[in-house]
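> generate coordinates for the sequence data below:
(one chain, ligands or ions: 2)
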Amino acid sequence: MNLLNKHQEKMIKNSQIPSEFYKEYNVKKGLRDLEGKGVLAGLTNISAIHSFDEDGKQIPGILEYRAYNIKDIVDDLRREGRFGFEEVTYLLLFGELPTADDLKEFQDILAHKRILPEFFVRETILTNPSSDVMNSMSRCLLALASYDDKAEDISIENVLEQSLNLIANFPLLAIYTFQAYSHYRKEESLYIHYPDLTLSTAENILRMLRPDCQYTDTEAKVLDIALILHMEHGGGNNSTFTTHVVTSSGTDTYATIAAALSSLKGPKHGGANIKAAKMLENIKQNISNYHDEAEIEDYLYKILNKEAFDQQGLIYGIGHAIYTISDPRFEVFKSYVASLVKEKGMEEEFELYERVARLAPKVISDHRKTYKTISPNIDFYSGFVYKILGIPQELFTPLFAIARVVGWLTHRIEELINMNKIIRPAYESVLESKNYVKLEDR
Ligand SMILES: CC(=O)SCCNC(=O)CCNC(=O)[C@H](O)C(C)(C)COP(=O)(O)OP(=O)(O)OC[C@H]1O[C@@H](n2cnc3c(N)ncnc32)[C@H](O)[C@@H]1OP(=O)(O)O
Ligand SMILES: O=C([O-])CC(=O)C(=O)O
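Ligands and ions are numbered 1, 2, ... in the order given. Coordinates of the predicted model:
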């Protein structure tokens, strides 16, 4: 046994807490009660998520941004053929739907803020690129703080200014750090295209990503809807709760959003979209017949049993802390995917996705102790949509971040306006006190 192994064993032994203690001390693991419901940790005006009716019966999921159903928001944008990211950003940040004049003014503000400090790309983004775009984005955020004379100012006026700067520039941080990685780590040509002031966020993302800056209107509109679906999800999701916790300590906007990014990249949260896409590739490689449901089910069971894929025992893109019968965002995505796959001739792969989406909840419910219906979540299809759009996997979670930064910043402002109290839950010590032992007596 090497020295480190010896210490590691000690560490594990001394870190373990008997599982029955959690029940005895009434600790809500994951801040969830025994039925899986989240402990009430705050109040919000920003969004609402419904998955049970008033009688406690499970219902198909509903998500409202500032009290408007996201399905109505998306349907209207689709009908009118309008880009919506900026409009929904206005709704979330300011709490009301913008008038046409408000919207025009707001789009201009964001367009003119889409600019990084002089030499930032050369001195920060192009140096030391990482294959993990989320980590690169966090590094850039902390670096941006040193260009802001009022980085530490947490007045609402200043935080709003910082928020608009970050929302406008997140696409640049994501795409440019990805381009740096592709160039220096994968020996691809380097493209740093400037954003175009007249284009929407979604169009600019595709413009900056593609060597020839070209995209179709359909591609940009699909990406726009994908961003809208990812923008906000209440105060309790892991990255937004992180935002509340970190904001409550009084720290600055850059540090807060770097923490939220670090949470989002986890594979049980936003990072599940990369994992889901990789898992589907792995399933394709390991089954002989895409149509054989028994073979797919067997393989899903192997994944659950830690015998296949990444051996973590998770079927990515399936299950949700709040939704039961369905995640409404999954349903919207599914309707988009159906029309796109025909166009791209990807029907066979889509059918496999559909089969996995149908079979996986059953496999999980049969083999785990579940208190509610399990269904696919937003991360299940998002990677597939991005793949159809030709977006590289490394950008799947960063795209989530480009959208969710709006939710994080809105929650940060809500925390600053209402709380002024540091978040500090309790941890009960289960150790008995010991008498100290001098070095020579150990
Ligand atoms: C944007 C987003 O963040 S959406 C979520 C993205 N994450 C994923 O897709 C990762 C896969 N899914 C999961 O890990 C989980 O479903 C989560 C983290 C999303 C929710 O977790 P929970 O709230 O604990 O789910 P729930 O209470 O329904 O789980 C009940 C049991 O089923 C298990 N389970 C739930 N979903 C899955 C899954 N996809 N794969 C394997 N087991 C699962 C849980 O681990 C739990 O078992 P345990 O009590 O033995 O630990
Ligand atoms: O609410 C959650 O726990 C996770 C989620 O779907 C999100 O953040 O979009």
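
> shaky segments in the stretch 101-250 of the chain?
Nowhere does the stretch 101-250 of the chain drop to pLDDT under 70.

> ok, now how distant is the residue in it positioned nearest to ligand 1 from Ala100?
At 6.2 Å from ligand 1, Asn237 is the closest residue in the stretch 101-250 of the chain, using Cβ to the nearest ligand atom. The C-beta positions use only the backbone N, C-alpha and C, and glycine is treated the same way. Distance, Asn237 to Ala100, by Cβ to Cβ, to the nearest Å: 32 Å.

> out of these two, which sits in the more crowded spot?
A direct count of neighbours by other Cβ atoms under 10 Å for Asn237 and Ala100 places Asn237 higher, at 23 against 7.

> count the residues that sit near the residue nearest to the more buried one when sequence neighbours are not counted.
The spatial neighbour of Asn237 that comes closest, neighbours along the chain excluded (Cβ to Cβ, 6 or more residues apart in numbering), is His269 at 7.1 Å. By other Cβ under 10 Å, the residues close to His269 number 19.

> quick check, pLDDT for His269.
On pLDDT, His269 comes in at 98.

> can I assume the residue of the stretch 101-250 of the chain closest to ligand 1 is in contact with Gly270?
No - applying Cβ atoms under 8 Å as the test, Asn237 and Gly270 come out as separate, 9.1 Å apart.

> ligand 2 contacts on the stretch 301-442 of the chain?
Proximity of the stretch 301-442 of the chain to ligand 2, by Cβ under 6 Å from any ligand atom, involves residues 321-322, 377.

> okay, the residue nearest to Asn237 and Asp148: tell me how far apart.
For His269, the distance to Asp148 - Cβ to Cβ - is 28 Å.

> which residues touch the strand of greatest length in the chain?
As assigned by DSSP state E, the longest strand anywhere in the chain is strand 58-65. Strand 58-65 is contacted by residues 46-53, 69-70, 73, 88, 91-92, 231-233, 320, 322-329, 331, 372-373 when judged by Cβ atoms under 8 Å, 6 or more residues apart in numbering.

> for Tyr176, list the residues it contacts.
121, 125, 192, 208.

> now, of these, which are buried?
121, 125, 208 (16 or more other Cβ atoms under 10 Å).

> what distance do you get for the first one to Pro98?
In this structure, Val121 and Pro98 are separated by 31 Å, where distance is defined by Cβ to Cβ.

> who does Gln58 form a beta bridge with?
Gln58 has these beta-bridge partners by DSSP bridges: Phe52.

> same deal with the one 10 residues further on?
Partner residues in beta bridges with Tyr68: Tyr65, with DSSP bridges as the criterion.

> that one and Leu91 touch, don't they?
Yes - applying Cβ under 8 Å, one finds Tyr68 in contact with Leu91, separated by 7.2 Å.

> got any residues that touch both of the two?
Joint contacts of Tyr68 and Leu91 (Cβ under 8 Å, 6+ apart) are Leu97.

> more neighbours, the two?
Leu91 (23 against 15).

> look at the more buried one and give its secondary structure.
What DSSP: H, G, I helix; E, B strand; the rest coil gives for Leu91 is helix.

> now the helices for the stretch 101-250 of the chain?
120, 133-145, 156-186, 201-209, 217-230, 238-248 (DSSP state H, counting those that start in this stretch).

> in terms of pLDDT, where does the closest residue to Ile287 other than its chain neighbours sit?
If the residues on either side of it in the chain are set aside, Ile287 comes closest to Glu295, at 5.1 Å by Cβ to Cβ, 6+ apart. Note on Glu295: pLDDT of 98.

> element containing Glu295?
Following DSSP states H and E, one finds Glu295 within helix 293-304.
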